[in-house]
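Engineer: sequence first, predicted coordinates after that:
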Amino acid sequence: MKKLLILLAALPSIVLAAGGNYPLDKAPDLTNDMAALQRGAKTFVNYCLNCHSAESMRFNRLADIGLTEDQIKANLLFTAEKVGDPMKIAMSKNDAKKWFGATPPDLSLITRSRASKAGTGADYLYTFLRTYYRDHSKLTGWNNMAFPNAGMPHVLWQLQGINRAVYEESVLASGKTEHRFARFEQVQPGLLTPIEYDKLIADLTNFLVFMAEPVRQDRTRLGVIVLLFLGVFTIFAWRLNAVYWKDIK
């Protein structure tokens, strides 16, 4: 079953793209939580890196989230030989295109590329990975509220369980009947509780945010230092200007 899901994950329409009007949930900001980022890295390597590469990211950058080289080698180095190697997959792009019609998208910059007026890329991914539901009319047997008719199946269904979408009928002013999504209903529990699953997705989403810009925290700290310097410099410049012009009328 696991191998089947991995293969289905590389179907031609796998590319994550916003396609529905489902409101995006706000993703928790855990980018400063090293433990959360480490858990997200574990989930990414075990569930995503089978089909999706992240070639702009090297394994040794995981040291930025508190992992040692030995920890990376022992627990996360499954698709490379050295910690300095990029996060590639064994399947070549040519083979993926030949077998499935398209190459599974690289996830290095997925959170930055999915930002929209409706929310950030993190909000989109957080919502996308939590709104799968069973739909037997689809080839994969799954559908998604954030991305209707998504080609990627629910590879985390064993953790979340199986949900079905419940719709309610409403009569419009024109007299037409409209079916609107009301809620999800769990028909089979997963290995995790809903709260535990949401936490896992939050960790994974924040790791994808980190992976899209590993130097974000350094850039933020540097920006604060520069602003403080400019503030202090402005005070000195202002006083110097006052001294320079005090005798000039």
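Structural biologist: Sure thing, it's come through. None of the values given here were measured: they were computed from a predicted structure. Numbering: from 1, shown residues only.

Engineer: need the three-state assignment for residue 202.
Structural biologist: In three-state terms, and counting by DSSP: H, G, I helix; E, B strand; the rest coil, residue 202 is helix.

Engineer: gap between the closest residue to it other than its chain neighbours and residue 172?
Structural biologist: In space, and not counting its chain neighbours, residue 202 is closest to residue 28: 4.7 Å by C-beta to C-beta, 6 or more residues apart in numbering. The way it works is simple: take the backbone N, C-alpha and C, and place the C-beta from them, glycine included. To residue 172, residue 28 is 37 Å away according to C-beta to C-beta, to the nearest Å.

Engineer: tell me the contacts of the residue nearest the centre of the chain?
Structural biologist: The centroid of the chain falls nearest to residue 205 when counting by C-alpha atoms, centre = their mean (3.7 Å). Taking C-beta atoms under 8 Å, 6 or more residues apart in numbering, we find residue 205 in contact with 27, 40, 111, 122, 125, 126, 129.

Engineer: if we use 7 Å, what do you get?
Structural biologist: 27, 122, 125, 126 (C-beta atoms under 7 Å, 6 or more residues apart in numbering).

Engineer: one more: residue 170?
Structural biologist: Contacts of residue 170 (C-beta under 7 Å, 6+ apart): 178, 180.

Engineer: regarding it, what is its secondary structure?
Structural biologist: Under three-state DSSP, residue 170 comes out as strand.

Engineer: per-residue pLDDT, it?
Structural biologist: pLDDT for residue 170: 81.

Engineer: and for the one 5 residues further on?
Structural biologist: Confidence at residue 175, expressed as pLDDT, is 73.

Engineer: what's the answer for residue 69, then?
Structural biologist: According to the model, residue 69 scores 93 on pLDDT.

Engineer: for it, give its distance to residue 58.
Structural biologist: In terms of C-beta to C-beta, residue 69 sits 12 Å off from residue 58.

Engineer: these two touch, right, residue 38 and residue 63?
Structural biologist: No. Using C-beta atoms under 7 Å, residue 38 makes no contact with residue 63, being 11.1 Å away.

Engineer: for these two, indicate the residue with more neighbours.
Structural biologist: residue 38 (18 against 15; other C-beta atoms under 10 Å).

Engineer: contact partners for that one?
Structural biologist: 65, 66, 67.
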